[in-house]
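# predicted model and sequence below, questions to follow.
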Amino acid sequence: MIDHIRKLILEAKRKADAESGSNVEPQFAQKIDWPVTCTVGPGLEGAIACESAVGYVNGSAGKLIYRGYDVFDLCAYSTFEEVTYLLLHGELPTEEELDNFKAELCRRRHVPRTLRQLMSNPIEEMNDMAALRLGVDFLRRTHSKVDTIEARPRSETAISSDEDSIPMEKAPYGEKKAIYEFTKNALGPNKPVDLATCYDLIAAMPTIVAAVHRIKAGKLPIEPHPDLGHAANFLYMIRGEKPSLLEEKVMDVALILHADHGMNASTFATMVVASTLSDIYFSIGAGIAALNGPLHGGANEAAIKALQEIGHKDNVRAWLDGKLARKEKIPGFGHRVYKAYDPRARILGPLAKELAKEHPECRTLTETAEVLEEEMVRRFGESKGIFPNVDFYSGLVYMTMGLDHHLFTPIFAVSRVAGWTARTIEYLENNRIFRPRAVYTGSFDKKYKPLAER
């Protein structure tokens, strides 16, 4: 089974290389001599905020790289645990290091105090992302002392706002050339994040997500299984039964594919909070909050709803014609970064078809997705660079494994916490608090009127 899945992934890689090549964009893959000149659009689009060796997204070539490794190869040969170690530590582990890391994650899956506090709240009335954010907050309280009075940041070590201001760096008040002050090695004695805390978050996130799901379904949470890997245990805690070998491998691949993806909104939100030297729990909470927004998470739910609305592969063309005539967006297609085929969709597409063989009840939906992809690529692939993105197939993969729609975005967080923590650790080694500017478009010289005259 594993060999068969590996062949499917490597065949997807062969197609990607044949269609898109493997060129590197020099403007996004080199050391920076600050300050840097770049074109910036609304929402900081195109802005260069930092350097990173964690991951690289090449949208024009449809490439995703983690620490120098092509994501196709990692999905074919590696595991989520190994990839997580790679992201956090910078290198692939030895056999002994990987065994120790797996043991650490397994040990840290058990968070009974966190779950007890979570269950004392009206989880049934909350959406899953809100409950996950609350769960991470309870993990913060049960696994650290950062909420205590003694742990409050010391004012004498604070940097004043004026010390990080624009005038300090611009003539005529400052230097002719900008001088940037970085907080070197913010991971010092009072560090806001360490590897052990990252391990806690990565290990506990699946436990919290699974517990929330079961509580909302009127069931008790299931204890983590000590003999199962990260992906298999996650499915076990959700469903109450061990997954098949195919389901285990596909979930593992899905987690790898979502582990990191450049400076996306949730990663940026995490790093902005961390740059203030707030603690990692609050920082990850910011990432969860950003992921909760429908412009970031939840797109795979919309893709599933569209497929269900179509109903059958024979209805695709008429449905698509109607959508396009009304100028409505087709969920699961196009991407802000990728102008080539999303490599994650290339991998998940064939795996969705494999899962449908085990779950024939989902075959009609999978066939519908296949025809919709063919039709969209035929109409818009070459002309407009619109191809399936990861959301088009990830929801189909999860649904085929019997996972409810409301779990799709929390699963994203279960995976992306690896990238959030890895990039945070990296950034804090040479930290500078994020401080973009806004262009003022308001009025000047307004005269104040007393309240009685207004």
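In hand now; what should we look at?
# which stretches of the stretch 301-450 of the chain form strands?
Applying DSSP state E, counting those that start in this stretch to the stretch 301-450 of the chain gives strands spanning 430-431.
# and if you look at the stretch 151-300 of the chain?
183-184.
# low-scoring stretches of this structure, by residue?
Across the chain, residues meeting the criterion (pLDDT under 70) sit at 21-22, 151-192.
# domain parsing for it?
2-82, 96-148+160-291+404-431, 299-400 (automatic domain parsing).
# with respect to residue 444, which of those domains lies nearest?
Of all the domains of the chain, domain 96-148+160-291+404-431 sits nearest to residue 444, with 19.1 Å by Cβ to Cβ. C-betas here are computed from N, CA, C, even on glycine.
# out of the domains of the chain, which gets nearest to residue 89?
Relative to residue 89, the nearest member of the domains of the chain by Cβ to Cβ is domain 96-148+160-291+404-431, separated by 8.2 Å.
# start and end of the closest one, how far apart?
Domain 96-148+160-291+404-431 stretches 32 Å from its first residue to its last (Cα to Cα, to the nearest Å).
# contacts only, for residue 397.
Counting by Cβ atoms under 8 Å, 6 or more residues apart in numbering, residue 397 touches 250, 254, 348, 351-352, 355.
# wait, doesn't residue 106 sit right on residue 225?
No. Under the criterion of Cβ atoms under 8 Å, residue 106 makes no contact with residue 225, lying 9.1 Å away.
# if we can go back for a sec, going through the contacts of residue 397, which ones are buried?
Among these, those buried by neighbour count (16 or more other Cβ atoms under 10 Å) are 250, 254, 348, 351-352, 355.
# could you dump the domains of the chain to CSV with distance to residue 447?
Below are these laid out as CSV (distance: least, Cβ to Cβ, whole Å):
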stretch, distance to residue 447
domain 2-82, 32
domain 96-148+160-291+404-431, 28
domain 299-400, 44
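# out of those domains, nearest to residue 88?
Checking these against residue 88 by Cβ to Cβ gives domain 96-148+160-291+404-431 as the closest, at 5.1 Å.
# for residue 71, which non-adjacent residue is spatially closest?
Distance criterion Cβ to Cβ, 6 or more residues apart in numbering; nearest residue to residue 71, sequence neighbours excluded, is residue 64 at 4.2 Å.
# again, but for residue 293
Counting by Cβ to Cβ, 6+ apart, residue 265 is the residue found nearest to residue 293 once chain neighbours are left out, at 7.4 Å.
# repeat that for residue 334.
Closest residue to residue 334 in three dimensions, ignoring its sequence neighbours and counting by Cβ to Cβ, 6+ apart: residue 386, at 4.6 Å.
# could you count how many residues lie near that neighbour?
Look at residue 386: counted by other Cβ atoms under 10 Å, it has 18 neighbours.
# ok, residue 222 next?
A count of nearby residues for residue 222, using other Cβ under 10 Å, gives 17.
# got a list of what it touches?
Residue 222 makes contact with 210, 214, 236-237, 240, according to Cβ under 8 Å, 6+ apart.
# helices of the stretch 101-250 of the chain, start to end?
Along the stretch 101-250 of the chain, the stretches classed as helices by DSSP state H, counting those that start in this stretch are 112-119, 128-143, 195-216, 230-239, 245-257.
# go through these and name the closest to residue 425.
helix 195-216 (6.9 Å).
# CA atoms only: put that closest one into CSV for me.
Listed in CSV are the C-alpha atoms of helix 195-216, where the atom choice follows Å, rounded to 0.1, in the frame of the first residue of the first chain:
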residue,chain,number,x,y,z
LEU,A,195,11.4,23.7,21.7
ALA,A,196,9.7,21.9,24.6
THR,A,197,6.7,24.3,24.4
CYS,A,198,6.5,23.8,20.6
TYR,A,199,6.5,20.1,21.1
ASP,A,200,3.6,20.5,23.6
LEU,A,201,1.5,22.5,21.1
ILE,A,202,2.2,20.2,18.1
ALA,A,203,1.4,17.1,20.2
ALA,A,204,-1.7,18.5,22.0
MET,A,205,-3.4,20.2,19.1
PRO,A,206,-4.8,16.9,17.6
THR,A,207,-6.0,15.9,21.1
ILE,A,208,-7.8,19.1,21.6
VAL,A,209,-9.4,19.1,18.1
ALA,A,210,-10.5,15.4,18.5
ALA,A,211,-11.9,16.1,22.0
VAL,A,212,-13.9,19.1,20.8
HIS,A,213,-15.4,17.1,18.0
ARG,A,214,-16.5,14.3,20.3
ILE,A,215,-17.8,16.6,23.0
LYS,A,216,-19.9,18.4,20.4
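# quick check: angle from it to helix 245-257?
Per axes from the mean of the first three to the mean of the last three Cα atoms, to 10 degrees, the angle that helix 195-216 makes with helix 245-257 is 130 degrees.
# for helix 195-216, name the packing helices and strands.
helix 80-89, helix 95-108, helix 112-119, helix 128-143, helix 230-239, helix 280-292, helix 408-428 (3 or more Cβ pairs under 8 Å, 6 or more residues apart in numbering; DSSP states H and E).
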